[in-house]
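> what's the 3D shape of this:
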Amino acid sequence: MHFDAAFSPASLAQVPALARAAEAIGFDAAWTTETQHNPFLPLPLVAEHTSRLRFGTAVAIGFARSPITLAHVAWDLAEQSGGRFILGLGTQVKPHIERRFGMSWPDSPVGKLRELILALRAIWRSWQTGEKLNFRGEYFKLTLMTPFFSPPPMPHAPVPVYIAGVNTGLARLAGELCAGYHVHPLHSPGYLRDVLRPAIAAGAARAGRAPQAVALSGTVMVATNRAEREFTRQQIAFYASTPSYRPLLAHHGWESVGAALSSLAARGDWAAMPGQISDDMLAAFSVSGPLGELAASLRERYAGLLDRITLYRPFVPGEDDDGWRRLAREVQAEA
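Reported below is the predicted structural model:
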């Protein structure tokens with residue numbers, strides 16, 4: 001099992017030291033998010049200041065970008081790093097795409113993301129082989145690529161693509177087309193086992209692939225102390241208030257909690273929301289214990305379910321380095 005780090009630097013100036021420290025700790029990969037900062041800008045610095053660490057986005061918002069802009073940045077990062085870059089894409093949800101990014105929401109989010117991945121591969125194939133670019137879909141039509149705009153071939157093409165999702169449609173798409181699937185932090189082992197992994201297997205079977213070809217990368221909520229326990233309760237409440245997560249709640253019989261959270265969120269009563277999250281829900285969606293002692297719980301909980309684990313807390317050099325080091329070593333150990 002791979003053990004990865006979440007990077008959330010306050011500024012790009014922090015990235016070189018952060019990257020060097022993560023590689024020294026023993027993390028297998030580092031992931032950036034698209035929240036308060038651009039997810040791609042730290043990554044050339046990660047590549048420059050490490051030699052082994054893989055890195056990628058978890059995630060960049062695919063629907064906020066054109067295929068060609070994504071293709072170029074992914075190609076350049078893969079070339080710079082000797083093939084260590086992983087492109088992780090997500091759809092976001094309709095209000096954010098329309099009101100935060102100012103873009104249009106597709107009639108079929110799964111269909112548009114499928115097209116985006118296929119368009120990326122068509123662009124990369126054109127650059128790698130000289131094949132004429134001729135991609136025609138419902139959302140993208142790409143038919144022009146001249147030598148002036150084509151980077152030279154490289155040994156690291158195509159770039160591995162992961163996608164993120166919560167429900168079965170995107171899980172099936174990952175099985176069909178992707179190198180990996182980013183499991184949302186709001187998940188449970190039961191939902192992984194009973195819902196997501198079968199959906200990935202179904203998508204893989206449809207494409208004639210083995211399910212094992214898709215790496216499952218999961219971000220896991222943890223509570224290492226009382227303050228973090230309450231923060232985790234707040235995060236669960238925030239995510240579970242969104243209708244997209246209702247299938248997960250329904251899988252555990254907590255549909256009414258989701259409806260109550262949505263109602264509170266609509267009224268802006270954020271302070272009341274964590275109180276809806278019971279200790280049973282906290283245990284289903286997170287792992288508790290001191291940082292350096294979480295390995296046994298993580299391995300028992302996710303053996304056979306996840307290939308990569310990232311904790312839902314950013315890695316900060318100098319904050320419990322010994323705990324991180326021990327956790328990385330024990331999670332990565334062969335069973």
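> alpha carbons only for contacts and neighbour counts from here, please
Fine.
> At which residues are the strands of the stretch 151-300 of the chain located?
With strands called from DSSP state E, counting those that start in this stretch, the stretch 151-300 of the chain shows them at 161-165, 180-183, 215-223, 286-288.
> average pLDDT across the second one?
When pLDDT is averaged over strand 180-183, the result is 98.
> List the neighbouring strands of it plus their orientation.
strand 161-165 (parallel), strand 215-223 (parallel) (DSSP bridges).
> Out of these, which is closest to residue 284?
Closest approach to residue 284 among the strands paired with strand 180-183 (Cα to Cα): strand 215-223, 10.2 Å.
> tell me the average confidence for that closest one?
Mean predicted confidence for strand 215-223 is 97.
> Ok, stretch 139-158 next?
If you average the pLDDT over stretch 139-158, you get 96.
> Go ahead and name everything in contact with it.
75, 78-79, 82-83, 112, 115-116, 119, 121, 124-129, 132-136 (Cα atoms under 8 Å, 6 or more residues apart in numbering).
> now swap in stretch 119-132 and tell me
Stretch 119-132 is contacted from outside by 67-68, 70-71, 75, 133-135, 140, 142-143, 145, 150-154, 157-158, using Cα under 8 Å, 6+ apart.
> ok so, going back, filter the contacts of stretch 139-158 down to the ones in helices?
Among the contacts of stretch 139-158, the members falling in helices (DSSP state H) are 75, 78-79, 112, 115-116, 119, 121, 124-129.
> ok, of those, which come out buried?
With burial judged by 16 or more other Cα atoms under 10 Å, the buried subset of the ones in helices among the contacts of stretch 139-158 is 75, 78-79, 112, 115-116, 119, 121, 124-128.
> For these, give me CSV that also has distance to residue 276 and pLDDT.
Listed next are these as CSV, based on distance: Cα to Cα, whole Å; pLDDT from 0 to 100:
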residue, distance to residue 276, pLDDT
75, 45, 98
78, 44, 98
79, 48, 98
112, 35, 98
115, 39, 98
116, 38, 98
119, 43, 98
121, 44, 98
124, 47, 98
125, 50, 98
126, 52, 98
127, 52, 98
128, 53, 98
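> ok, of those, which one's closest to residue 275?
Proximity of those to residue 275 was ranked by Cα to Cα; the top entry is residue 112 with 37.4 Å.
> so what's the closest one up against?
Residues in contact with residue 112 (Cα under 8 Å, 6+ apart) are 106, 138-139.
> Repeat that for residue 183.
Residue 183 makes contact with 164-166, 216-219, according to Cα under 8 Å, 6+ apart.
> Please report the distance of residue 169 from residue 83.
From residue 169 across to residue 83, the span is 29 Å (Cα to Cα, to the nearest Å).
> Show me which of these two is the more surrounded one.
Neighbour comparison, residue 169 and residue 83: the larger count goes to residue 83, with 21 against 16 (by other Cα atoms under 10 Å).
> Look up phi and psi at the nearest residue to that one once chain neighbours are set aside.
Among residues not flanking residue 83 along the chain, residue 156 sits closest, at 5.0 Å (Cα to Cα, 6 or more residues apart in numbering). Main-chain torsions, residue 156, degrees, to the nearest 10: phi -110, psi 20.
> Next, count neighbours for residue 156.
For residue 156, the neighbour count with other Cα under 10 Å is 16.
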